[in-house]
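Undergrad: sharing a model prediction with you, sequence too.
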Amino acid sequence: MKKFIVEDSFWRIFPDAKIGVVICHSIDNTIKNQEKYEELLRNAENEALKYLVYEHLSENQVIKVWREAFKKFKTKKGARSSIEALLKRVYKGDQIGNINPLVDIYNSISLKYALPCGGEDIDKFEGDIKLTIATGDEEFVPLGEEVNSPPLQGEVIYKDNKGAICRCWNWREAVRTMLTEKTKNAFLCIELVDESRFKEFENALNELSKLVKENLVGTNTVHILDINHKEIIID
């Protein structure tokens, strides 16, 4: 029985954070209608523009809150939140490309609500997955690379028994647990550090769940973890 556990070391830094999770089982993530997901992404890109009211990206509130959050723990130089990376591409007029249905869906939700979203293949986890503070010796091979690049000691990471799964909270994911067309059981997450946007956060979670159900069948459940609810069963 695998669990997702947000450890106390994380809550000591971010006591008011919320971690939203959609656990998906028996889904079909094969690509059948790429045009549908392209339309989903284009619509989300247009929605995202409303968050970019200032010329300098770092002055926009949805980015500023994550810049401030990243100052509270050790980070690799230049690391930014996943939502900043997506919004930067939209700001420059670069379209977000198709990857596979699950990734396309969570990228569209991330853009539409300007919240960091991510996903992993549950069947590739070794034991429990934890959101915690790195010791600095966790194995980590990032997407697109083949060389071990372990996190820094004091970095916020997702990890399992084999190593880190995502570095700098939501900056860079590991190749080992990435979502593919063969994924049947998935862990999807949305992260919140701005309490004033809790309703949007809830809406994003529910829409993420709805889109997965409508397009990839299977079953899924929605969870919100906070300082008073620190773990859930994921399989």
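TA: Right, received. Where do you want to start? Remember, it's a predicted structure, so these values are computed and weren't measured experimentally. Numbering: from 1, shown residues only.
Undergrad: show me the contacts for residue 128.
TA: By Cβ atoms under 8 Å, 6 or more residues apart in numbering, the contact set of residue 128 is 2-5, 160-161. For every residue, glycine as well, the C-beta is placed using N, CA and C.
Undergrad: which residues of this structure score low on pLDDT?
TA: Across the chain, nothing is flagged by pLDDT under 70.
Undergrad: make it 90
TA: Screening the chain residue by residue with the criterion pLDDT under 90, one finds the ranges 1, 31-33, 55, 143-146, 235.
Undergrad: in it, where's the longest helix?
TA: In the chain, with assignment by DSSP state H, the single longest helix is helix 198-216.
Undergrad: mind listing the strands in the chain by residue range?
TA: 3-6, 18-25, 117-121, 129-133, 156-159, 164-167, 172-173, 186-192, 219-225, 231-233 (DSSP state E).
Undergrad: quick one, which of those is nearest to residue 180?
TA: Between residue 180 and these, the tightest spacing by Cβ to Cβ is seen for strand 117-121, at 7.0 Å.
Undergrad: hmm, back to that, ok, and what's touching the longest helix of the chain?
TA: Contacts of helix 198-216 with the rest of the structure, by Cβ under 8 Å, 6+ apart, involve 18, 20, 22, 24, 27-29, 36, 40, 101-102, 105-106, 108-109, 112-113, 115, 117, 188, 190, 192, 218-220, 222, 224.
Undergrad: list the buried residues in that helix.
TA: When neighbours are counted by 16 or more other Cβ atoms under 10 Å, the buried residues of helix 198-216 are found to be 200-202, 204-205, 208-209, 211-212, 215-216.
Undergrad: helices along this protein, start to end?
TA: In chain order, the chain shows helices spanning 8-11, 34-48, 61-70, 82-91, 101-113, 198-216, with DSSP H as the criterion.
Undergrad: with distance to residue 137 as added columns, please give those in a markdown table.
TA: Conversion of the helices of the chain to a markdown table gives the following (distance: least, Cβ to Cβ, whole Å):
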| stretch | distance to residue 137 |
| --- | --- |
| helix 8-11 | 16 |
| helix 34-48 | 37 |
| helix 61-70 | 22 |
| helix 82-91 | 24 |
| helix 101-113 | 29 |
| helix 198-216 | 33 |
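Undergrad: name the residue most distant from the centre of the chain?
TA: Relative to the mean C-alpha coordinate of the chain, counting by Cα atoms, centre = their mean, the farthest residue is residue 55 (25.6 Å).
Undergrad: identify the bridge partners of the residue nearest in space to the middle of the chain.
TA: Closest to where the C-alpha atoms of the chain average out (Cα atoms, centre = their mean) is residue 118, at 2.3 Å. Applying DSSP bridges to residue 118 yields these beta-bridge partners: residue 189.
Undergrad: let me know the distance separating it from residue 109.
TA: Taking Cβ to Cβ, to the nearest Å as the measure, residue 118 falls 11 Å from residue 109.
Undergrad: thank you kindly, that will do.
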